[in-house]
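Visitor: Quick one, what's the 3D model for this:
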Amino acid sequence: MIGVFGGTGFYEFLDGATERELPTPYGWPSAPPTVGTVGEVEVAFIPRHGRNHEFPPHRVPYRANLWAMKELGVDRIVGPCAVGSLTAAYKPGHLAIPDQLVDRTYGREWTFFGDVEPKHISFADPYCPELRPLALEAGRDAGATVHDGGTTVVVQGPRFSTRAESRWFANAGWQLINMTQLPEASLARELEICYVNIAVVTDYDVGVEGEIEPVTHAQVVARFNAGLDVLREGIKRLIPGAVETPRLCPCARALAEAAG
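Guide: As a prediction, this is how the structure comes out:
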């Protein structure tokens, strides 16, 4: 089964959708998982921030969301999200398939191994190397301008960056900024679930292109919604190829190779 995290605009993405009430050892997911089909493929969907966007980035129940996906039988997850750009090349309206992450969050429930025997998973390459090229091709086939690769710095939120922070991130050579990719991606790896991000560029972060207007939440939502049709089409094109690809990637054996 394929899993998708996203906004409420993905509910109509599924055919024959039904909700599953699914408690987890880590509490309830952001919303009951909805399970339906895309073509002939079974797909599970959870709105990352809840039905009514009631969970800000630092309060998303990431562990419950990932655990619920695993319980449903999901072994591959597509995690689209809105991102800000830290460089002129990644323009608002573009998509990106990042290949690296930098963690600037704090205080989040970020592992399943906090109270049990630890597992030191490999996370050098945080996104599935089998799903990334498929997502790149699917996005371009859907008509989007898609960047292959990029580093996303994940900040705590819910506030946006200061100009000084934005310049700092840009000067470090990072391309994108977001609030939700961690611990979502690392928790997926702990459960041996393949994970790929499709990043929707909604704005230039402050401090990147000189004295630009600061980003607002309304601007992010409006631009993300404007690209929603292309994003959904790209994911629809990605899903059949993802299902047909054998799981020979490091994600599928993350725990077997992790020391206790």
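Visitor: Report the central residue of this structure.
Guide: Gly79 (3.1 Å; CA atoms, centre = their mean).
Visitor: Return the distance of that one relative to Ile239.
Guide: Distance, Gly79 to Ile239, by CB to CB, to the nearest Å: 14 Å. C-beta coordinates here come from the backbone N, C-alpha and C atoms, glycine included.
Visitor: What of Leu231?
Guide: For Leu231, the distance to Ile239 equals 13 Å [CB to CB].
Visitor: Phe5 now?
Guide: For Phe5, the distance to Ile239 - CB to CB - is 14 Å.
Visitor: Out of these two, name the residue with the larger neighbour count.
Guide: Phe5 (27 against 23; other CB atoms under 10 Å).
Visitor: just for the chain, where's the confidence low?
Guide: Applying pLDDT under 70 to the chain flags the ranges 8-9, 207, 209-212, 259-260.
Visitor: 90 instead?
Guide: 6-15, 114-119, 163, 205-229, 245, 256-260 (pLDDT under 90).
Visitor: Verify the stated contact: Ala142 with Gly227.
Guide: No - at 10.3 Å, Ala142 does not count as touching Gly227 under the criterion of CB atoms under 8 Å.
Visitor: Helix, strand or coil: sort out the nearest residue to Leu14 once chain neighbours are set aside for me.
Guide: The shortest distance from Leu14 to any non-neighbouring residue, by CB to CB, 6 or more residues apart in numbering, is to Gly36 (3.0 Å). When classified by DSSP: H, G, I helix; E, B strand; the rest coil, Gly36 comes out as strand.
Visitor: what's the answer for Asp203, then?
Guide: strand.
Visitor: what separates it from Ala242, distance-wise?
Guide: 29 Å.
Visitor: cool, Ala199 as well?
Guide: 17 Å.
Visitor: Which of these two has more residues huddled nearby?
Guide: Ala199 (28 against 23).
Visitor: my guess is the more buried one contacts Leu95, does it?
Guide: Yes - with contact defined as CB under 8 Å, Ala199 and Leu95 form a contacting pair (6.5 Å).
Visitor: I figured Asp103 was touching Gln156, is that so?
Guide: No - Asp103 lies out of contact with Gln156 (CB under 8 Å); the separation is 9.9 Å.
Visitor: neighbour-wise, which of the two wins?
Guide: Neighbour count, other CB under 10 Å: between Asp103 and Gln156, Asp103 has more, with 19 against 14.
Visitor: what's the burial count for Glu40?
Guide: Around Glu40 there are 8 residues (other CB under 10 Å).
Visitor: Then Asn65?
Guide: Using other CB under 10 Å, Asn65 is surrounded by 28 other residues.
Visitor: Touching, it and Gly50? I think so.
Guide: No - Asn65 lies out of contact with Gly50 (CB under 8 Å); the separation is 10.3 Å.
Visitor: overlap in contacts of those two?
Guide: Here Asn65 and Gly50 have Ser30 as joint contacts, going by CB atoms under 8 Å, 6 or more residues apart in numbering.
Visitor: hang on, the earlier thing: hey, what's in contact with both of Asp103 and Gln156?
Guide: If you check Asp103 and Gln156 against CB under 8 Å, 6+ apart, no residue is contacted by both.
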